[in-house]
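K.L.:
Generate a structure from the sequence data that follows.
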Amino acid sequence: MPSSQDRLAIAEVVFWGGTALPCSLYLWVKQGWLRLEWLFVFILASLRVIGSILQLQQDDLGPPSTSIAIVNGIGLSPLFGITLMLVHRLCVTAQHQRMGKIAVFLHVVIFGTVPLLIVGILKIVKSGSSTTLGVILAAIGLAIFLQVYLAQTFLVLRAYRSKNVLKHNSLAIALFAMTPLLLLRLLYSALSILVTSSDPVGSMAAQVVLAVLPENLIALVAVGWGLLNMKEPKEQHNGYELS
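P.N.:
Next comes the predicted model:
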């Protein structure tokens, strides 16, 4: 009989593989290759499908899988990629070009931090305990993610005050809905890596409430907003692209 972790992995494969993957690919092709938020949804969905398949192959009585720990650990980066690209679109809509460039710069910060997290996770998992160096590297990486989260939230609030955003209020609402969900996911990463590093998965309840649901809801909100706003005026459509 499948364990609770295996049942969760099967549900993740169905959700990400059956919903997020095809929808994000459709939006990416339909709206243009420069709409990178859909690429990040596609990357996140791919990571979750791969991680779930690895989980199904994992021996419940065996040691923690390094591959699963890495896949789960870097899942935050495409989540930030999704929200930051939507923040970029909101800033461009509000005619705050400088803020849009800041959002692009934050992408560089996020993906530049990924190797730091990977090294920290590897050292924690391989040692089987909270090694000092591994925890320090992971803590530095998560601290950078937190700073990016705060900067991203400031950009959303600042852009929302613009009168130009009123025409695209749905995007601001979508971002406001994603913001607390992203914070929950960030909190889970901190708890799983720094507090319960000997068991990166943690309890099932914590994993579902703090990791699975926030990720799924962020993807659903982003894809749902994208599908509902397929028909945009062409002059505005070009203005959202990464510049």
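K.L.:
In space, what's closest to F176 - neighbours in sequence excluded?
P.N.:
Excluding the flanking residues, the one nearest F176 by C-beta to C-beta, 6 or more residues apart in numbering is V156, at 7.0 Å. Every C-beta, even on glycine, is put in place using the N, C-alpha and C of the backbone.
K.L.:
Let's verify the closest residue to S46 other than its chain neighbours: helix, strand, or coil?
P.N.:
Once flanking residues are discounted, S46 sits nearest to L21: 7.0 Å by C-beta to C-beta, 6+ apart. Here L21 is recorded as helix under DSSP: H, G, I helix; E, B strand; the rest coil.
K.L.:
Next up, phi/psi of W33, please.
P.N.:
The phi/psi pair for W33 (degrees, to the nearest 10) reads phi -70, psi -20.
K.L.:
And the residue nearest the centre of this structure?
P.N.:
L79 (1.2 Å; C-alpha atoms, centre = their mean).
K.L.:
Quick check: it touching R185?
P.N.:
Yes. Using C-beta atoms under 8 Å, L79 is in contact with R185, at 6.2 Å.
K.L.:
that older thread, just say helix, strand or coil for the residue nearest to the centre of the chain.
P.N.:
Per three-state DSSP, the secondary structure class of L79 is helix.
K.L.:
From what I see, I102 and Q152 are in contact.
P.N.:
No. Look at I102 against Q152 with C-beta under 8 Å: they stay out of range, at 9.3 Å.
K.L.:
The two: which is more packed in?
P.N.:
Legend: neighbour count by other C-beta atoms under 10 Å for I102 and Q152, higher for Q152 (23 against 19).
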